[in-house]
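[1] I'd like to go over a predicted model; first the sequence, then the structure.
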Amino acid sequence: MTIIDGKALSEKTFEEIKETHDELQKKAGRKAGLAVIIVGENPASKIYVRNKIRACEKVGFNSETIRLDESISEENLLLEIEKLNNDDNIDGILVQLPLPKHINELEVINAISAEKDVDGFHTTNIGKMMIGDETGFLPCTPAGVIQMFEEYNIDLEGKDVLVIGQSNIVGKPMTLLLIKKRATVQVCNSKTKNLSEKLQKSDVVVAAAGSPKLVKASDVKEGVVVIDVGINRVDGKLCGDVDFDEVSKKASFITPVPGGVGPMTIAMLIKNTLKSYKQKINKSK
Ligand SMILES: NC(=O)C1=CN([C@@H]2O[C@H](COP(=O)(O)OP(=O)(O)OC[C@H]3O[C@@H](n4cnc5c(N)ncnc54)[C@H](OP(=O)(O)O)[C@@H]3O)[C@@H](O)[C@H]2O)C=CC1
Ligand SMILES: Nc1nc(=O)c2c([nH]1)NC[C@@H]1CN(c3ccc(C(=O)N[C@@H](CCC(=O)O)C(=O)O)cc3)C=[N+]21
Ligand SMILES: [Mg+2]
(Lines give C-alpha, C1' and ligand atoms only; values in the text may rest on other atoms or scores of the structure.)
(Ligands and ions follow the chains in the order given, each with its own letter.)
Protein backbone atom coordinates (compact mmCIF):
# COMPACT_ATOMS: atom_id res chain seq x y z
CA MET A 1 0.00 0.00 0.00
CA THR A 2 1.34 3.41 -0.98
CA ILE A 3 0.23 6.67 0.58
CA ILE A 4 0.28 9.30 -2.15
CA ASP A 5 2.24 12.20 -0.70
CA GLY A 6 0.58 15.31 -2.10
CA LYS A 7 2.51 17.53 0.28
CA ALA A 8 5.91 16.31 -0.96
CA LEU A 9 4.79 16.43 -4.58
CA SER A 10 3.60 20.01 -4.13
CA GLU A 11 6.93 21.02 -2.58
CA LYS A 12 8.76 19.52 -5.56
CA THR A 13 6.50 21.49 -7.91
CA PHE A 14 7.17 24.71 -5.99
CA GLU A 15 10.94 24.20 -6.28
CA GLU A 16 10.68 23.70 -10.04
CA ILE A 17 8.46 26.75 -10.44
CA LYS A 18 10.77 28.89 -8.30
CA GLU A 19 13.73 28.06 -10.55
CA THR A 20 11.83 28.88 -13.74
CA HIS A 21 10.41 32.07 -12.24
CA ASP A 22 13.82 33.24 -10.97
CA GLU A 23 15.15 32.96 -14.52
CA LEU A 24 12.19 34.60 -16.27
CA GLN A 25 12.01 37.42 -13.74
CA LYS A 26 15.49 38.65 -14.67
CA LYS A 27 14.44 39.09 -18.29
CA ALA A 28 10.91 40.31 -17.66
CA GLY A 29 11.84 42.81 -14.96
CA ARG A 30 8.86 41.93 -12.81
CA LYS A 31 7.56 39.09 -10.68
CA ALA A 32 4.48 37.03 -11.37
CA GLY A 33 1.46 38.31 -9.44
CA LEU A 34 -1.55 36.49 -8.01
CA ALA A 35 -4.56 38.36 -6.62
CA VAL A 36 -7.13 36.72 -4.37
CA ILE A 37 -10.49 38.27 -3.59
CA ILE A 38 -12.31 37.06 -0.50
CA VAL A 39 -15.84 38.21 0.20
CA GLY A 40 -16.93 37.86 3.82
CA GLU A 41 -15.62 35.52 6.49
CA ASN A 42 -15.52 31.85 5.59
CA PRO A 43 -13.60 29.52 7.94
CA ALA A 44 -12.78 27.05 5.13
CA SER A 45 -11.45 29.88 2.99
CA LYS A 46 -8.98 30.89 5.67
CA ILE A 47 -6.85 27.74 5.42
CA TYR A 48 -6.91 27.93 1.66
CA VAL A 49 -5.95 31.61 1.53
CA ARG A 50 -3.18 31.16 4.10
CA ASN A 51 -1.71 28.27 2.11
CA LYS A 52 -1.91 30.23 -1.14
CA ILE A 53 -0.03 33.17 0.37
CA ARG A 54 2.67 30.82 1.75
CA ALA A 55 3.04 29.17 -1.64
CA CYS A 56 3.50 32.53 -3.36
CA GLU A 57 6.22 33.39 -0.84
CA LYS A 58 7.97 30.07 -1.49
CA VAL A 59 8.17 30.57 -5.25
CA GLY A 60 8.78 34.33 -5.13
CA PHE A 61 5.50 35.55 -6.65
CA ASN A 62 3.79 38.74 -5.54
CA SER A 63 0.52 38.00 -3.84
CA GLU A 64 -2.27 40.41 -3.13
CA THR A 65 -5.25 39.59 -0.94
CA ILE A 66 -8.35 41.76 -1.23
CA ARG A 67 -10.81 41.32 1.60
CA LEU A 68 -14.29 42.65 0.94
CA ASP A 69 -17.26 42.91 3.23
CA GLU A 70 -19.98 40.25 3.04
CA SER A 71 -22.48 43.00 2.14
CA ILE A 72 -20.59 44.28 -0.94
CA SER A 73 -22.80 44.75 -4.01
CA GLU A 74 -22.18 42.67 -7.10
CA GLU A 75 -21.51 45.91 -9.00
CA ASN A 76 -18.71 46.91 -6.63
CA LEU A 77 -17.21 43.43 -6.72
CA LEU A 78 -17.18 43.61 -10.53
CA LEU A 79 -15.36 46.95 -10.29
CA GLU A 80 -12.63 45.34 -8.16
CA ILE A 81 -12.23 42.61 -10.77
CA GLU A 82 -12.02 45.17 -13.56
CA LYS A 83 -9.16 46.93 -11.75
CA LEU A 84 -7.24 43.65 -11.51
CA ASN A 85 -8.00 42.78 -15.15
CA ASN A 86 -6.31 46.06 -16.14
CA ASP A 87 -3.34 45.68 -13.78
CA ASP A 88 -0.24 44.65 -15.74
CA ASN A 89 1.43 43.31 -12.60
CA ILE A 90 -1.34 40.78 -12.00
CA ASP A 91 -1.21 37.47 -13.89
CA GLY A 92 -3.80 35.52 -11.94
CA ILE A 93 -7.11 36.46 -10.33
CA LEU A 94 -9.01 34.17 -8.03
CA VAL A 95 -12.34 34.92 -6.39
CA GLN A 96 -12.84 32.63 -3.42
CA LEU A 97 -16.06 30.60 -3.67
CA PRO A 98 -18.77 30.31 -2.49
CA LEU A 99 -19.95 33.92 -2.72
CA PRO A 100 -22.78 35.38 -0.64
CA LYS A 101 -26.25 34.53 -1.93
CA HIS A 102 -27.03 38.01 -3.30
CA ILE A 103 -24.13 37.71 -5.76
CA ASN A 104 -24.35 35.81 -9.04
CA GLU A 105 -21.30 33.53 -9.06
CA LEU A 106 -21.30 32.89 -12.81
CA GLU A 107 -21.43 36.63 -13.62
CA VAL A 108 -18.49 37.25 -11.31
CA ILE A 109 -16.35 34.38 -12.61
CA ASN A 110 -16.95 35.35 -16.21
CA ALA A 111 -16.03 38.98 -15.44
CA ILE A 112 -12.47 37.79 -14.74
CA SER A 113 -10.36 38.02 -17.90
CA ALA A 114 -10.11 34.43 -19.21
CA GLU A 115 -6.35 35.08 -19.60
CA LYS A 116 -6.09 35.67 -15.83
CA ASP A 117 -8.55 32.98 -14.70
CA VAL A 118 -6.00 30.71 -13.00
CA ASP A 119 -8.81 28.79 -11.26
CA GLY A 120 -9.93 27.59 -14.71
CA PHE A 121 -13.57 28.37 -13.92
CA HIS A 122 -14.30 30.88 -16.73
CA THR A 123 -16.68 29.60 -19.40
CA THR A 124 -13.95 30.03 -22.03
CA ASN A 125 -11.49 27.89 -20.07
CA ILE A 126 -14.10 25.22 -19.37
CA GLY A 127 -14.86 25.15 -23.10
CA LYS A 128 -11.18 24.81 -23.96
CA MET A 129 -10.80 21.92 -21.51
CA MET A 130 -13.86 20.23 -23.00
CA ILE A 131 -12.36 20.15 -26.51
CA GLY A 132 -8.73 19.66 -25.42
CA ASP A 133 -7.40 23.13 -26.35
CA GLU A 134 -4.35 23.38 -24.10
CA THR A 135 -3.96 27.17 -24.26
CA GLY A 136 -6.39 27.64 -21.35
CA PHE A 137 -6.19 26.91 -17.63
CA LEU A 138 -7.30 23.61 -16.11
CA PRO A 139 -9.22 23.65 -12.80
CA CYS A 140 -6.62 23.18 -10.06
CA THR A 141 -8.06 20.32 -8.01
CA PRO A 142 -8.72 17.89 -10.90
CA ALA A 143 -5.41 18.88 -12.53
CA GLY A 144 -3.66 18.14 -9.23
CA VAL A 145 -5.27 14.69 -9.07
CA ILE A 146 -4.10 13.89 -12.61
CA GLN A 147 -0.59 15.01 -11.63
CA MET A 148 -0.68 12.51 -8.74
CA PHE A 149 -1.66 9.65 -11.08
CA GLU A 150 1.19 10.57 -13.40
CA GLU A 151 3.83 10.88 -10.67
CA TYR A 152 2.91 7.50 -9.17
CA ASN A 153 2.64 5.83 -12.60
CA ILE A 154 -0.99 4.90 -12.05
CA ASP A 155 -2.31 3.98 -15.47
CA LEU A 156 -5.94 4.93 -16.09
CA GLU A 157 -6.49 3.36 -19.50
CA GLY A 158 -9.34 0.91 -19.37
CA LYS A 159 -9.85 1.40 -15.63
CA ASP A 160 -13.31 1.65 -14.11
CA VAL A 161 -13.33 4.95 -12.23
CA LEU A 162 -16.02 6.17 -9.87
CA VAL A 163 -16.23 9.93 -9.33
CA ILE A 164 -18.39 10.85 -6.33
CA GLY A 165 -19.69 14.39 -6.78
CA GLN A 166 -20.51 16.42 -9.87
CA SER A 167 -19.76 20.03 -8.92
CA ASN A 168 -18.44 22.53 -11.44
CA ILE A 169 -15.20 22.92 -9.53
CA VAL A 170 -14.33 19.27 -8.84
CA GLY A 171 -16.56 16.41 -10.05
CA LYS A 172 -17.39 17.60 -13.58
CA PRO A 173 -13.92 18.76 -14.63
CA MET A 174 -12.41 15.63 -12.97
CA THR A 175 -14.63 13.52 -15.21
CA LEU A 176 -13.44 15.33 -18.35
CA LEU A 177 -9.76 14.89 -17.46
CA LEU A 178 -10.30 11.20 -16.66
CA ILE A 179 -12.02 10.40 -19.96
CA LYS A 180 -9.12 12.12 -21.72
CA LYS A 181 -6.92 9.47 -20.07
CA ARG A 182 -9.22 6.79 -21.55
CA ALA A 183 -10.68 5.77 -18.20
CA THR A 184 -14.26 4.48 -18.08
CA VAL A 185 -15.98 6.89 -15.74
CA GLN A 186 -19.18 6.74 -13.72
CA VAL A 187 -20.28 9.91 -11.89
CA CYS A 188 -22.38 9.88 -8.71
CA ASN A 189 -24.48 12.53 -6.98
CA SER A 190 -26.70 12.71 -3.92
CA LYS A 191 -29.52 10.86 -5.74
CA THR A 192 -27.31 7.93 -6.82
CA LYS A 193 -28.69 4.53 -5.83
CA ASN A 194 -26.55 1.69 -4.46
CA LEU A 195 -23.33 3.67 -4.14
CA SER A 196 -21.76 0.78 -2.24
CA GLU A 197 -22.31 -1.64 -5.16
CA LYS A 198 -20.77 0.83 -7.56
CA LEU A 199 -17.78 1.32 -5.29
CA GLN A 200 -17.26 -2.43 -5.11
CA LYS A 201 -16.83 -2.62 -8.90
CA SER A 202 -14.42 0.32 -9.19
CA ASP A 203 -10.67 0.17 -9.79
CA VAL A 204 -10.24 3.85 -8.90
CA VAL A 205 -12.39 6.07 -6.66
CA VAL A 206 -12.32 9.88 -6.55
CA ALA A 207 -14.39 11.05 -3.59
CA ALA A 208 -15.51 14.69 -3.73
CA ALA A 209 -18.84 14.84 -1.93
CA GLY A 210 -18.00 16.67 1.29
CA SER A 211 -19.28 13.86 3.50
CA PRO A 212 -17.03 12.32 6.19
CA LYS A 213 -16.56 8.51 6.06
CA LEU A 214 -18.77 8.22 2.98
CA VAL A 215 -16.36 5.61 1.60
CA LYS A 216 -15.88 2.66 3.99
CA ALA A 217 -13.63 -0.39 3.80
CA SER A 218 -16.58 -2.74 3.20
CA ASP A 219 -17.49 -0.70 0.06
CA VAL A 220 -14.24 -1.08 -1.87
CA LYS A 221 -12.40 -3.93 -3.54
CA GLU A 222 -8.93 -5.14 -2.68
CA GLY A 223 -6.23 -3.10 -4.47
CA VAL A 224 -8.41 -0.07 -5.14
CA VAL A 225 -6.83 3.34 -5.81
CA VAL A 226 -8.50 5.99 -3.62
CA ILE A 227 -8.29 9.75 -4.12
CA ASP A 228 -9.89 11.71 -1.30
CA VAL A 229 -10.77 15.28 -2.30
CA GLY A 230 -13.09 15.96 0.64
CA ILE A 231 -12.20 18.56 3.24
CA ASN A 232 -14.37 18.17 6.31
CA ARG A 233 -13.98 19.23 9.90
CA VAL A 234 -15.02 16.63 12.47
CA ASP A 235 -14.44 17.36 16.18
CA GLY A 236 -12.09 20.16 15.17
CA LYS A 237 -9.98 17.80 13.04
CA LEU A 238 -9.59 17.92 9.26
CA CYS A 239 -10.71 14.75 7.45
CA GLY A 240 -11.76 13.67 4.00
CA ASP A 241 -14.69 11.67 2.59
CA VAL A 242 -12.89 8.35 3.08
CA ASP A 243 -12.46 6.30 6.26
CA PHE A 244 -8.69 6.40 5.83
CA ASP A 245 -7.65 4.05 8.66
CA GLU A 246 -9.82 1.19 7.40
CA VAL A 247 -9.82 1.78 3.63
CA SER A 248 -6.01 2.08 3.53
CA LYS A 249 -5.81 -1.60 4.59
CA LYS A 250 -7.43 -2.64 1.29
CA ALA A 251 -6.09 0.04 -1.07
CA SER A 252 -3.05 -0.14 -3.34
CA PHE A 253 -2.76 3.67 -3.35
CA ILE A 254 -4.55 6.23 -1.19
CA THR A 255 -4.33 9.98 -0.53
CA PRO A 256 -4.41 11.31 3.05
CA VAL A 257 -6.29 14.36 4.34
CA PRO A 258 -4.53 16.63 5.13
CA GLY A 259 -1.44 16.27 2.94
CA GLY A 260 -3.04 14.84 -0.19
CA VAL A 261 -5.14 16.64 -2.79
CA GLY A 262 -5.23 20.00 -0.93
CA PRO A 263 -1.54 20.86 -1.38
CA MET A 264 -1.73 19.71 -5.03
CA THR A 265 -4.57 22.17 -5.64
CA ILE A 266 -2.34 24.99 -4.42
CA ALA A 267 0.56 23.70 -6.54
CA MET A 268 -1.61 23.73 -9.69
CA LEU A 269 -2.79 27.26 -8.90
CA ILE A 270 0.83 28.40 -8.75
CA LYS A 271 1.56 26.46 -11.94
CA ASN A 272 -1.35 28.14 -13.74
CA THR A 273 -0.15 31.54 -12.54
CA LEU A 274 3.32 30.82 -13.95
CA LYS A 275 1.72 29.80 -17.27
CA SER A 276 -0.22 33.08 -17.36
CA TYR A 277 2.91 35.07 -16.48
CA LYS A 278 4.84 33.38 -19.31
CA GLN A 279 2.06 34.14 -21.80
CA LYS A 280 1.97 37.78 -20.72
CA ILE A 281 5.69 38.52 -20.68
CA ASN A 282 6.04 36.90 -24.11
CA LYS A 283 3.21 39.04 -25.47
CA SER A 284 4.68 42.31 -24.20
CA LYS A 285 8.06 41.61 -25.85
N1 LIG B 1 -8.82 19.32 -1.59
C2 LIG B 1 -9.15 20.36 -2.34
O3 LIG B 1 -8.30 20.97 -2.92
C4 LIG B 1 -10.56 20.75 -2.47
C5 LIG B 1 -11.49 20.15 -1.66
N6 LIG B 1 -12.80 20.45 -1.78
C7 LIG B 1 -13.70 19.68 -0.93
O8 LIG B 1 -14.28 18.65 -1.71
C9 LIG B 1 -15.61 18.42 -1.32
C10 LIG B 1 -16.55 18.68 -2.51
O11 LIG B 1 -16.44 20.01 -2.91
P12 LIG B 1 -17.40 20.64 -4.03
O13 LIG B 1 -17.34 19.82 -5.24
O14 LIG B 1 -17.11 22.06 -4.08
O15 LIG B 1 -18.81 20.42 -3.26
P16 LIG B 1 -20.31 20.65 -3.69
O17 LIG B 1 -21.07 20.68 -2.42
O18 LIG B 1 -20.43 21.74 -4.66
O19 LIG B 1 -20.69 19.30 -4.46
C20 LIG B 1 -20.79 18.06 -3.80
C21 LIG B 1 -21.19 16.98 -4.81
O22 LIG B 1 -21.23 15.75 -4.14
C23 LIG B 1 -22.52 15.14 -4.30
N24 LIG B 1 -22.85 14.41 -3.07
C25 LIG B 1 -23.07 14.91 -1.83
N26 LIG B 1 -23.32 13.92 -0.96
C27 LIG B 1 -23.29 12.77 -1.66
C28 LIG B 1 -23.49 11.39 -1.34
N29 LIG B 1 -23.78 11.02 -0.10
N30 LIG B 1 -23.35 10.48 -2.32
C31 LIG B 1 -23.04 10.84 -3.57
N32 LIG B 1 -22.85 12.12 -3.95
C33 LIG B 1 -22.96 13.07 -3.00
C34 LIG B 1 -23.48 16.27 -4.56
O35 LIG B 1 -24.61 15.79 -5.26
P36 LIG B 1 -25.77 16.73 -5.87
O37 LIG B 1 -25.21 17.22 -7.17
O38 LIG B 1 -26.91 15.81 -6.03
O39 LIG B 1 -25.98 17.81 -4.86
C40 LIG B 1 -22.58 17.20 -5.40
O41 LIG B 1 -22.59 16.82 -6.75
C42 LIG B 1 -15.83 19.35 -0.12
O43 LIG B 1 -15.53 18.64 1.04
C44 LIG B 1 -14.84 20.46 -0.34
O45 LIG B 1 -14.47 21.10 0.84
C46 LIG B 1 -13.25 21.31 -2.74
C47 LIG B 1 -12.37 21.95 -3.57
C48 LIG B 1 -10.95 21.74 -3.47
N1 LIG C 1 -12.21 30.09 -6.33
C2 LIG C 1 -11.96 29.00 -5.56
N3 LIG C 1 -11.02 28.13 -5.95
C4 LIG C 1 -10.74 27.02 -5.19
O5 LIG C 1 -9.87 26.20 -5.56
C6 LIG C 1 -11.45 26.81 -3.95
C7 LIG C 1 -12.41 27.78 -3.61
N8 LIG C 1 -12.66 28.84 -4.44
N9 LIG C 1 -13.10 27.64 -2.47
C10 LIG C 1 -12.77 26.63 -1.47
C11 LIG C 1 -12.21 25.37 -2.11
C12 LIG C 1 -11.44 24.52 -1.14
N13 LIG C 1 -10.07 24.51 -1.61
C14 LIG C 1 -8.97 24.02 -0.91
C15 LIG C 1 -7.69 24.05 -1.44
C16 LIG C 1 -6.59 23.65 -0.71
C17 LIG C 1 -6.73 23.19 0.58
C18 LIG C 1 -5.53 22.79 1.35
O19 LIG C 1 -4.47 23.38 1.22
N20 LIG C 1 -5.64 21.77 2.21
C21 LIG C 1 -4.57 21.35 3.07
C22 LIG C 1 -4.85 21.87 4.48
C23 LIG C 1 -3.70 21.70 5.42
C24 LIG C 1 -3.75 22.71 6.53
O25 LIG C 1 -3.19 23.80 6.33
O26 LIG C 1 -4.38 22.42 7.56
C27 LIG C 1 -4.50 19.82 3.05
O28 LIG C 1 -5.50 19.19 2.69
O29 LIG C 1 -3.44 19.29 3.37
C30 LIG C 1 -7.98 23.12 1.12
C31 LIG C 1 -9.10 23.53 0.38
C32 LIG C 1 -10.01 25.24 -2.75
N33 LIG C 1 -11.20 25.75 -3.12
MG1 LIG D 1 -24.34 32.92 -4.85
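    Arrived safely. Ligands and ions are numbered 1, 2, ... in the order given.
[2] residues touching residue 25, list them.
    Residues counted as contacts of residue 25 (CB atoms under 8 Å, 6 or more residues apart in numbering) are 31, 32, 60. In short, each C-beta sits where N, CA and C put it, glycine included.
[3] Next: residue 188.
    Here residue 188 is in contact with 162, 163, 164, 165, 166, 195, 198, 209 (CB under 8 Å, 6+ apart).
[4] ok, and which of the residues you listed reach ligand 1?
    164, 165, 166, 195, 209 (CB under 6 Å from any ligand atom).
[5] now the third one: how far from ligand 2?
    Here residue 166 is placed at a distance of 16 Å from ligand 2 (CB to the nearest ligand atom, to the nearest Å).
[6] pLDDT score for residue 285?
    At residue 285, the pLDDT value in this model is 65.
[7] and if you look at residue 50?
    Confidence score, pLDDT, at residue 50: 89.
[8] Which of the helices or strands spans it?
    For residue 50, the element it lies in under DSSP states H and E is helix 43-59.
[9] circling back: pick out whichever of the contacts of residue 188 sits closest to ligand 2.
    residue 165 (12.7 Å; CB to the nearest ligand atom).
[10] what does the stretch 51-200 of the chain have sitting close to ligand 3?
    99, 105 (CB under 5 Å from the ion).
[11] Below-threshold pLDDT in the stretch 51-200 of the chain: ranges please.
    Across the stretch 51-200 of the chain, not a single residue meets the criterion (pLDDT under 70).
[12] just the helices in the stretch 1-150 of the chain please.
    Assigned helices in the stretch 1-150 of the chain, in chain order: 6-28, 43-59, 74-85, 105-111, 123-131, 140-151 (criterion: DSSP state H, counting those that start in this stretch).
[13] mean confidence score for the first one?
    Helix 6-28 shows an average pLDDT of 98 in the prediction.
[14] quick check: angle from it to helix 140-151?
    Helix 6-28 and helix 140-151 are oriented at 100 degrees to each other (axes from the mean of the first three to the mean of the last three CA atoms, to 10 degrees).
[15] Show me what from the protein comes close to ligand 2.
    Residues of the chain lying near ligand 2 (CB under 6 Å from any ligand atom): 44, 47-48, 51, 94-97, 119, 140, 231, 238, 257-259, 262-263, 265-266.
[16] so of these, which ones are in strands?
    Mapping the residues of the chain next to ligand 2 onto strands (DSSP state E) picks out 94, 95, 238.
[17] Go ahead and confirm the last one touches residue 260.
    It refers to residue 238. No. Using CB atoms under 8 Å, residue 238 makes no contact with residue 260, being 10.7 Å away.
[18] Mind checking which of those two has more residues around it?
    Counted by other CB atoms under 10 Å, residue 238 and residue 260 do not tie: residue 260 has more neighbours, with 30 against 14.
[19] dump the residue contacts of the more buried one.
    4, 6, 7, 227, 228, 240.
[20] residues in contact with the closest residue to the first one other than its chain neighbours?
    Nearest in space to residue 4, with sequence neighbours left out and distances taken as CB to CB, 6 or more residues apart in numbering, is residue 255 at 4.6 Å. Contacts for residue 255 (CB under 8 Å, 6+ apart) come out as 3, 4, 6, 148, 226, 227, 228, 240, 261.
[21] Got a quick PyMOL command for the buried subset of these?
    A single PyMOL command selects the buried members of the contacts of residue 255 (16 or more other CB atoms under 10 Å):
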select buried, resi 4+6+148+226+227+228+240+261
